[in-house]
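[1] from the sequence below, what's the structure:
(one chain, ligands or ions: 1)
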Amino acid sequence: MQSAADRREALKAVYEQARRCEKCPQLAATRTTVVFGSGNADADLMFVGEAPGANEDKQGLPFVGQAGKLLERLLGEIGLDRKEVWISNVLKCRPPGNRDPHPNEIEACQDYLWRQIELIEPRVLSTLGNFSTKLLRADPTGITRLHGQAEVRVIGPRAVRLYPLYHPAAALYTPSMLETLRADFARIPDLLAQPAPDQPEPVPEVAPQPEPMPVPELAPKPETEREQLGLF
Ligand code: SF4
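    Just a heads-up that it's a prediction; the model follows:
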């Protein structure tokens, strides 16, 4: 078992690898920065959205637009600061024009997400919106049916309490959805207080290979390098 300090160093190495990544030629050519993720490298709570938007691409940080402000406010209401959690996306580079990520891009990028989950070791992983929920559950069931319901799932290399939530961007202009999101957030402290799920047997030497992630039918549009390193 690695110490938190060792895992943080390993995460920084993954970040160094990702920030130079050109596995998706179009995204590598059009992005401003790779938005790896930010927050606490030993967080119990991790959020996963879809992909960076324009603001995130400029600043190199996830969830910095209006949706990010709402996320911070909801975290504050349960006594958490964004520096205490890990915030990331399925895709680390902005698709031009905020188009949907392509399947080959998702496949190319998924190892970075699995490495983050493996090294951060979150107890609770909240998918934000339809896109990441369908991808990480490998199931087409939508967020309307799943939000606010925790389940233990093996995501990439680790078992986590998967807790789907509406995407904050979707709740920005729909008061009823915002109240639902707020009520779902209110359950997070109880989930964090539960024991960590039992972990799957590690596969010696070779990292577990997850199933390829299917592309969901519909994806919500989310809001839209140096600072990331300073945050974890
Ligand atoms: S989206 Fe991911 S895999 Fe594609 S170029 Fe960016 S970091 Fe690399």
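[2] okay, CA-based contacts and neighbour counts for the rest of this
    Will do.
[3] shouldn't residue 14 be in contact with residue 111?
    No. If you go by Cα atoms under 8 Å, residue 14 and residue 111 don't touch, sitting 9.9 Å apart.
[4] may I have the helix or strand residue 133 falls within exported as CSV, CA atoms only?
    Using DSSP states H and E, the element containing residue 133 is helix 130-137. The C-alpha coordinates for helix 130-137 follow below in CSV (Å, rounded to 0.1, in the frame of the first residue of the first chain):
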residue,chain,number,x,y,z
ASN,A,130,-25.7,12.0,-18.0
PHE,A,131,-22.5,11.7,-19.9
SER,A,132,-20.1,10.6,-17.2
THR,A,133,-22.8,8.6,-15.4
LYS,A,134,-23.5,6.5,-18.5
LEU,A,135,-19.9,6.1,-19.3
LEU,A,136,-18.7,5.1,-15.8
ARG,A,137,-21.7,2.8,-15.2
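[5] packing partners for it?
    Packing partners of helix 130-137 (3 or more Cα pairs under 8 Å, 6 or more residues apart in numbering; DSSP states H and E): strand 45-49, strand 151-155.
[6] isn't residue 32 up against residue 56?
    No. Look at residue 32 against residue 56 with Cα under 8 Å: they stay out of range, at 9.3 Å.
[7] what do these two both touch?
    Overlap between the contact sets of residue 32 and residue 56, as judged by Cα atoms under 8 Å, 6 or more residues apart in numbering, is nil.
[8] more crowded one of these two?
    residue 56 (23 against 16; other Cα atoms under 10 Å).
[9] now do the contacts for the more buried one.
    35, 62-65, 224.
[10] what's the closest of those residues to the ligand?
    Closest approach to the ligand among the contacts of residue 56 (Cα to the nearest ligand atom): residue 35, at 7.9 Å.
[11] got phi/psi on the closest one?
    For residue 35, the backbone dihedrals (degrees, to the nearest 10) come out as phi -100, psi 90.
[12] can you check the pLDDT for it?
    At residue 35, the pLDDT value in this model is 98.
[13] what count of nearby residues applies to it?
    29.
[14] identify the residue nearest the geometric centre of this structure.
    The geometric centre of the chain, computed from its C-alpha atoms, lies nearest to residue 48 (Cα atoms, centre = their mean), at 1.7 Å.
[15] right, and the helices and strands packed on helix 130-137 - which one's nearest residue 177?
    Closest approach to residue 177 among the helices and strands packed on helix 130-137 is made by strand 45-49 (17.1 Å; Cα to Cα).
[16] now the closest one - C-alpha only, CSV.
    The C-alpha trace of strand 45-49 is given here as CSV (Å, rounded to 0.1, in the frame of the first residue of the first chain):
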residue,chain,number,x,y,z
LEU,A,45,-14.8,12.7,-2.6
MET,A,46,-14.2,12.9,-6.4
PHE,A,47,-16.3,14.5,-9.0
VAL,A,48,-16.2,13.5,-12.7
GLY,A,49,-17.8,15.7,-15.4
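[17] neighbouring contacts of that strand?
    Contacts of strand 45-49 (Cα under 8 Å, 6+ apart): 85-90, 122-129, 131-132, 167, 192, 222.
[18] check which helix or strand covers the residue in the chain positioned nearest to the ligand.
    Residue nearest to the ligand within the chain: residue 109 (3.7 Å; Cα to the nearest ligand atom). Assigned by DSSP H and E, residue 109 belongs to helix 103-120.
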